[in-house]
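Undergrad: starting from these lines, generate the structure:
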Amino acid sequence: MKYAPINNQLFIKNRAKFTAQMKPKSIAVFNSNDTFTTGADSTMPFEQSRDLFYLSGADQEESILVLFPDAIDPNHREILFLTETNEHIAIWYGAKYSKKEGAEVSGIKTIYWLSEFDKVFYDLMTEAETVYFNTNEHYRQAVKIETREDRFIKKCKKDFPAHKWEKSGQIMQAIRGVKEPEEIEQMQTACEITNKGFRRILPFVKPGIMEYELEAEYMHEFLRARSKGFAYTPIIASGYSACVLHYIENNKMCKDGDMLLMDVGAEYANYSSDMTRTIPVNGRFSDRQKAVYNAVLRVKNEATKMLTPGTLWGEYHKEVGKLMTSELLGLGLIDKNDIKNEDPNWPAYKKYFMHGTSHHLGLDTHDYGALKTPMKANMVFTVEPGIYIPDENMGIRIEDDVVIQEKGEPFNLMRNIPIEVEEIEDLMNS
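TA: Next up is the predicted model:
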């Protein structure tokens, strides 16, 4: 891993939060992600299961975490199973965790080799009554392949049909949404790396440059700052492309007079940042561009103030909709008749602002976190309103990442990233 080691106290705390919600005589199992082939002998870069990482810090393939708080043997209440390294693996791919290293990373005292899993697990299941399975229950999940976790669940149900089953997803949803200070520290680092990338490209943007050249500049800055790269597929969208919400081709030329929307974020230590900035390709906002930009910025600033403990997700988005409606009226994009005749299920403002304003952020860019209960301090959210006007060849979105505080306004992790019109123009023309 490129990132600096994380104190294992974070993972010890996270496991304690999870096990505190487990039923008596229950056991929970978390499997690492698969390594996926691209054909022949090539594989995609490995990405660890975020749940396994959250609970153990183990950033290595073919790892299994077992939590069994009521195990008779105290040494079996937390177990991390790792692939046993050998000289061949060390020479060809680099050594894997030793047992000592696995214990240091995770704070788990009992480390077994993966080859011992079946025997140890069978013994533990003679004591357990309930098994927690780690299924993906994210509201945006789109799993189309059988995962390592799926295969384990299928085998476990076959081998132990008399046990009861529970799901870990509800617990993970509750605890992952509220961040520990160590997690916020990693996310702050990711945001600072993103800041470096954005400042790097500002004087680099000129009419005639290709979107993918800017993508390359971001990647350069991210890698040199110990990031693996982008936390998600970047959007570098100039002109009309900015009106395509998930435009990722990044293959167009940036033209004089166009706006350039960049939705990019660096990862660090598996934690995400998520930034959007929209800038004029030629370095100067036109009057119309400035008017629309500042309207979006006002909505972002006012929406941010609403993110306080006790706020309800659904009500928050309704209030943001009211802010956007007012701004769109001022810009002449909608009128009072549009509002009077609007469909309550698709208000008039949705013609120009059709996506949500905020989502949880953390180990996943669209992170786990409660959405149906009141917001809590130390939840981390994006704030990302936008106005998209295809007829004007312009889409503007502005996005920051903020931490809800016990009192007052959220703390902006992207407070150092240029956002005001004048600062952006000065940096682009310096």
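Undergrad: residue boundaries of the strands in the stretch 1-150 of the chain?
TA: Assigned by DSSP state E, counting those that start in this stretch, the stretch 1-150 of the chain shows strands spanning 26-31, 37-39, 42-43, 64-67, 78-82, 110-113, 130-133.
Undergrad: ok, which of the ones you listed comes nearest Gln289?
TA: Shortest distance between Gln289 and these, using CB to CB, is found for strand 37-39: 41.4 Å. In this view, the C-beta of every residue, glycine as well, is placed from N, C-alpha and C.
Undergrad: for the closest one, give me every contacting residue.
TA: Applying CB atoms under 8 Å, 6 or more residues apart in numbering, the contact partners of strand 37-39 are 43-44.
Undergrad: what residues sit buried inside that strand?
TA: Residues of strand 37-39 classed as buried by neighbour count (16 or more other CB atoms under 10 Å): none.
Undergrad: each with direction, which strands does that strand pair with?
TA: Each strand that pairs with strand 37-39, with its direction, by DSSP bridges: strand 42-43 (antiparallel).
Undergrad: average model confidence for the partner strand?
TA: Throughout strand 42-43, pLDDT has a mean value of 86.
Undergrad: quick one: closest of the strands of the stretch 1-150 of the chain to Pro280.
TA: strand 37-39 (38.7 Å).
Undergrad: picking up where we left off before, and the strands of the stretch 1-150 of the chain as JSON lines, adding distance to Leu202?
TA: Converted to JSON lines, the strands of the stretch 1-150 of the chain look like this (distance: least, CB to CB, whole Å):
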{"stretch": "strand 26-31", "distance to Leu202": "42"}
{"stretch": "strand 37-39", "distance to Leu202": "35"}
{"stretch": "strand 42-43", "distance to Leu202": "36"}
{"stretch": "strand 64-67", "distance to Leu202": "43"}
{"stretch": "strand 78-82", "distance to Leu202": "44"}
{"stretch": "strand 110-113", "distance to Leu202": "47"}
{"stretch": "strand 130-133", "distance to Leu202": "47"}
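Undergrad: go through those and name the closest to Leu260.
TA: Using CB to CB as the measure, strand 37-39 is the one of those that comes nearest Leu260, at 31.3 Å.
Undergrad: in this structure, which helix is the longest?
TA: Using DSSP state H to assign secondary structure, the helix with the most residues in the chain is helix 181-201.
Undergrad: return the set of buried residues in that one.
TA: The neighbour-count check on helix 181-201 (16+ other CB under 10 Å) flags 182-198, 201 as buried.
Undergrad: contacts for stretch 367-374?
TA: Applying CB under 8 Å, 6+ apart, the contact partners of stretch 367-374 are 50, 138-139, 172-174, 176-178, 272, 309-313, 359-362, 376, 379-380.
Undergrad: ok, of those residues, which come out buried?
TA: Those of the contacts of stretch 367-374 that meet the buried threshold are 50, 138, 172-174, 176-178, 272, 311, 313, 359-362, 376, 379-380, by 16+ other CB under 10 Å.
Undergrad: now, which of those lie within strands?
TA: Per DSSP state E, strands hold the following members of the buried ones among the contacts of stretch 367-374: 272, 380.
Undergrad: out of the buried ones among the contacts of stretch 367-374, list just those in helices.
TA: Cross-referencing these against helices under DSSP H gives 50, 172-174, 176, 313.
Undergrad: rebuild these as TSV, extending it with pLDDT and distance to Asn282.
TA: Converted to TSV, those look like this (pLDDT from 0 to 100; distance: CB to CB, whole Å):
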residue	pLDDT	distance to Asn282
Arg50	96	41
Met172	96	47
Gln173	93	45
Ala174	93	48
Arg176	97	43
Trp313	93	39
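Undergrad: now render these as TSV, adding distance to Ser98.
TA: Below are those laid out as TSV (distance: CB to CB, whole Å):
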residue	distance to Ser98
Arg50	24
Met172	29
Gln173	34
Ala174	34
Arg176	29
Trp313	44
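Undergrad: closest one of these to Asn75?
TA: Lowest distance from Asn75 to those (CB to CB) belongs to Met172, with 25.1 Å.
Undergrad: what about stretch 34-42, start to end distance?
TA: The straight-line separation of the ends of stretch 34-42 (CA to CA, to the nearest Å) is 14 Å.
Undergrad: now do it: distance to the chain's middle.
TA: Distance, stretch centre to chain centre, for stretch 34-42: 24 Å (CA atoms, centre = their mean, to the nearest Å).
Undergrad: ok, stretch 191-209 next?
TA: Distance of stretch 191-209 from its chain centroid, counting by CA atoms, centre = their mean, is 21 Å.
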